[in-house]
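[1] make a model of this:
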Amino acid sequence: MGTTAEAIEALDAGVFVSPKITPEIAAQAHTLTALAHTFKVTPEALILVLDKLLAQRISHERAGAAESEEELLRLRGVRQAERILHEIGATLSSEEVAERLGITRQAVNDARKRGALLAFSQPVGRGERYPLWQFDGMIVRPWVPKLIQLLGNGFPALSFLMAKRTSLGGHRHLDLSLSGDEAVIQKMLDQAGRIGNPAA
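    Reported below is the predicted structural model:
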């Protein structure tokens, strides 16, 4: 193998140049080569240190890319939630649901927790809101708990119901399900089941 001086000359000549080597790494490398020359470090050891610097840089770049992707997904989720809240229509508080169904507020909360009532948490403020359209007079539409069981409560079920779909002629599952047509409702639940359990 060559001497440390030869390794320094190789670095200066661009032997180790790579698209991954940034100006920061190059500056660090030159500092290391100077130290290597002073302390008689072997070329092998110097190259090992440079490799570690490069690996560290690549690791940081990948971490930054992962964080950017996570932030993008979060922002998409926020925008989707804002759209749903804008289009959801009238909603009720737990107190108003209790009054409508003739039960206590605690019973309303219990029903929500076991998936018998569709509810979502507000981005601001406290408490859950309950879409008015899930009620048919003083009862909950029978398909609502079934949908929650398949997709989960809150925004997972809401986003499924409220997305306009070309397969439905630009309509939403919500629009068609509120018609009360049992065949349409069953098709909606079948599709929700495929989403909730892709292996099925």
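[2] all the strands of the protein, residue numbers only.
    Under the criterion DSSP state E, strands of the chain are mapped to 91-92, 120-121, 128-131, 135-136, 139-140, 164-165, 171-172.
[3] and this protein, what are its domains?
    Here the chain is described, according to automatic domain parsing, as comprising the domains 4-79, 88-196.
[4] mean pLDDT for those domains: which is lowest?
    Within the domains of the chain, the stretch with the lowest mean pLDDT is domain 4-79, showing a mean of 58.
[5] please, where are all the helices along the chain?
    Taking DSSP state H as the criterion, the chain carries its helices at 4-12, 23-39, 43-87, 94-101, 105-113, 143-151, 155-162, 173-177, 182-196.
[6] related to what we said a few turns ago, pick the most buried one from the strands of the chain.
    Of those, the one with the most neighbours on average (mean count of other CB atoms under 10 Å) is strand 128-131, at a mean of 21. C-beta here means a position set from N, CA and C on the backbone, and glycine is covered the same way.
[7] list the pairing partners of it within its sheet, with orientation.
    The strands that strand 128-131 pairs with in its sheet are strand 91-92 (antiparallel), strand 120-121 (antiparallel) (by DSSP bridges).
[8] in TSV, list the ones you listed along with distance to Gly170.
    TSV is the format used below for the strands paired with strand 128-131 (distance: least, CB to CB, whole Å):
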stretch	distance to Gly170
strand 91-92	24
strand 120-121	24
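[9] who wins for proximity to Thr104 among the ones you listed?
    Of all the strands paired with strand 128-131, strand 91-92 sits nearest to Thr104, with 15.0 Å by CB to CB.
[10] pull the residues that contact the closest one.
    Outside strand 91-92, the residues within contact range by CB atoms under 8 Å, 6 or more residues apart in numbering are Arg100, Arg129, Tyr130, Pro131, Leu132.
[11] closest to Phe160 among the residues you listed?
    For the contacts of strand 91-92, the residue nearest Phe160 by CB to CB is Pro131; the value is 13.1 Å.
[12] dump the residue contacts of that closest one.
    Shown in contact with Pro131 (CB under 8 Å, 6+ apart): Ile88, Gly89, Ala90, Thr91, Leu92, Leu118, Leu158.
[13] so it bridges to which residues?
    Thr91.
[14] ditto for the one 4 residues further on
    According to DSSP bridges, the residues that bridge with Phe135 are Val140.
[15] so it is in contact with Arg141, correct?
    Yes - using CB atoms under 8 Å, Phe135 is in contact with Arg141, at 7.1 Å.
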